[in-house]
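Peer 1: A structural model of the following input is requested.
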Amino acid sequence: MKLVQRIECPFCKKINFKSQFKQNYSHPYLKSFISKYYQSSKLDQMLKNEIYEISECLNCRGLFQKFIPDLNFSNYLYDDLISATDSLKKKSDYLEKNKKKLNDDFEIISNLFRKKKSDIKILEFGSGWGFWSKFMKSKTFNITTCEFSEKRHNHLIHNNISNFKNLADIKDKFDFIYSEEVLEHVSSPLDILLQLKKLLSDDGFMLHRFPSTFLFKKKIKSNYLPQKDCGHPLEHINMLNKKSFLKMCQIANLNIHHPLKIKKQKFTSKIKLLKNYLIFNFVILKKNINY
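Peer 2: Okay, the predicted model is just below:
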């Protein structure tokens, strides 16, 4: 288990970037932050000589962590270091806490398609414990999930949700693909978008949510302290902004679908979607059919 150095931008694959922030993981503040977040000091020795560095791509202006956990380290952080029982317990009130957002998502999906709910095929990528999918399934949507974690996979299957542990194993096409706080964690968001595009029907949509990077670049230029924000050490290895997302869309031949194009929305929902679109913490994508 180790950190590996990225030699190309995760958004556009170019190799020209510059450092915007750098701190050793042995720095007292960062060391304390990591220990408190994971509620363990086991990472102290593993990260002793490693560096937390935020780089900026000179081509697409995307921000990303230069040194990221390899696959074994990622699995250790996600599936072993944090107790699955504690993780599931923290999500126990998810449906109640996110009731409005879940209903808003239901309205978005319903208004995007002129089909019976049971005919709308949805893939949730990176579904975790499956609470979003469970809610959408209760609304009679046709739900499939993709979740890599063995523990979460078993939980999904136990709750009668069809799950794949690998995108490459999925052969179906979907009307709607959803991910919430996933793209900031993956080693190559561009590769993921290209894979998901293959699973999207020609008239389908993707909706991705992620932490906003609004004013983050200014933040790291002024006495920045690593914290639980869009640059969260080890966790949020990609900091998605509109410029880098537009570059990914250009490469993947996808279009950003403006939220105000979604019809029959409540006024308050439209305002919220527009606000979130402006600070850029979500995006709706559609295939470029003119290609």
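
Peer 1: Neighbours of the nearest residue to Ser212 once chain neighbours are set aside, how many?
Peer 2: In space, and not counting its chain neighbours, Ser212 is closest to Asn281: 3.9 Å by CB to CB, 6 or more residues apart in numbering. For glycine as for every other residue, the C-beta is placed from the backbone atoms N, C-alpha and C. Number of residues near Asn281 (other CB atoms under 10 Å) recorded here: 18.

Peer 1: ok, now which ones touch Asn281?
Peer 2: Arg209, Phe210, Pro211, Ser212, Phe214 (CB atoms under 8 Å, 6 or more residues apart in numbering).

Peer 1: what about Ser110, which helix or strand?
Peer 2: Per DSSP states H and E, Ser110 falls inside helix 99-112.

Peer 1: hmm, back to that, which two in the contacts of Asn281 are spaced the farthest apart?
Peer 2: Arg209 and Phe214 (14.3 Å; CB to CB).

Peer 1: Show me which of those two is the more surrounded one.
Peer 2: Arg209 (18 against 15).

Peer 1: Pop out the phi and psi values for the more buried one.
Peer 2: When read as degrees, to the nearest 10, the backbone of Arg209 gives phi -110, psi 150.

Peer 1: got it, and the one 4 residues further on?
Peer 2: Backbone dihedrals for Thr213, given as degrees, to the nearest 10, come out at phi -110, psi 20.

Peer 1: For the helix or strand where Ser133 lies, which helices and strands make contact with it?
Peer 2: Here Ser133 sits within helix 131-138, counting by DSSP H and E. Contact partners of helix 131-138 among helices and strands, from 3 or more CB pairs under 8 Å, 6 or more residues apart in numbering; DSSP states H and E: helix 94-97, helix 99-112, strand 121-125, strand 142-146.

Peer 1: wait, what's in contact with Phe214?
Peer 2: Ile279, Phe280, Asn281.

Peer 1: Which pLDDT value does the model give it?
Peer 2: What the model reports for Phe214 is a pLDDT of 93.

Peer 1: neighbours around Gly126, how many?
Peer 2: 20.

Peer 1: Who are the contact partners of it?
Peer 2: Gly126 neighbours (CB under 8 Å, 6+ apart): Cys146, Glu147, Phe148, Ser179, Glu180, Glu181, Val182, His185.

Peer 1: how much space between the residue positioned nearest the centre of the chain and Tyr78?
Peer 2: The residue lying closest to the centre of the chain (CA atoms, centre = their mean) is Val182, at 2.0 Å. In this view, Val182 and Tyr78 are 12 Å apart by CB to CB, to the nearest Å.

Peer 1: which one among the contacts of Phe214 gets closest to Ile108?
Peer 2: Nearest to Ile108 among the contacts of Phe214, with distances taken as CB to CB, is Asn281, at 14.9 Å.

Peer 1: Can you check the pLDDT for that closest one?
Peer 2: So Asn281 comes in at 95 (pLDDT).

Peer 1: ok, Phe212 - how many residues close by?
Peer 2: Just to correct that, residue 212 is Ser rather than Phe. 18.

Peer 1: Next up, the contacts around it.
Peer 2: Contacts of Ser212 (CB under 8 Å, 6+ apart): Cys230, Ile279, Phe280, Asn281.

Peer 1: Could you find the closest non-adjacent residue to the third one?
Peer 2: So the one you mean is Phe280. Closest to Phe280 by CB to CB, 6+ apart is Lys242, at 5.0 Å.

Peer 1: Counting neighbours, what do you get for the one you found?
Peer 2: Neighbour tally, Lys242, other CB under 10 Å: 16.

Peer 1: Against Trp132, how distant is it?
Peer 2: 24 Å.

Peer 1: Likewise for Leu240?
Peer 2: 19 Å.

Peer 1: again with Lys165
Peer 2: Taken as CB to CB, the span from Lys165 to Trp132 is 18 Å.

Peer 1: From the contacts of Asn281, which land in strands?
Peer 2: Among these, DSSP state E puts Arg209 in strands.

Peer 1: ok, of the contacts of Phe214, which one's closest to Lys42?
Peer 2: Asn281 (31.7 Å).

Peer 1: before we move on, the earlier item: from the contacts of Phe214, which ones fall inside helices?
Peer 2: Among those, the members found in helices (DSSP state H) are Ile279.

Peer 1: Can you report how many residues lie near Tyr38?
Peer 2: 15.
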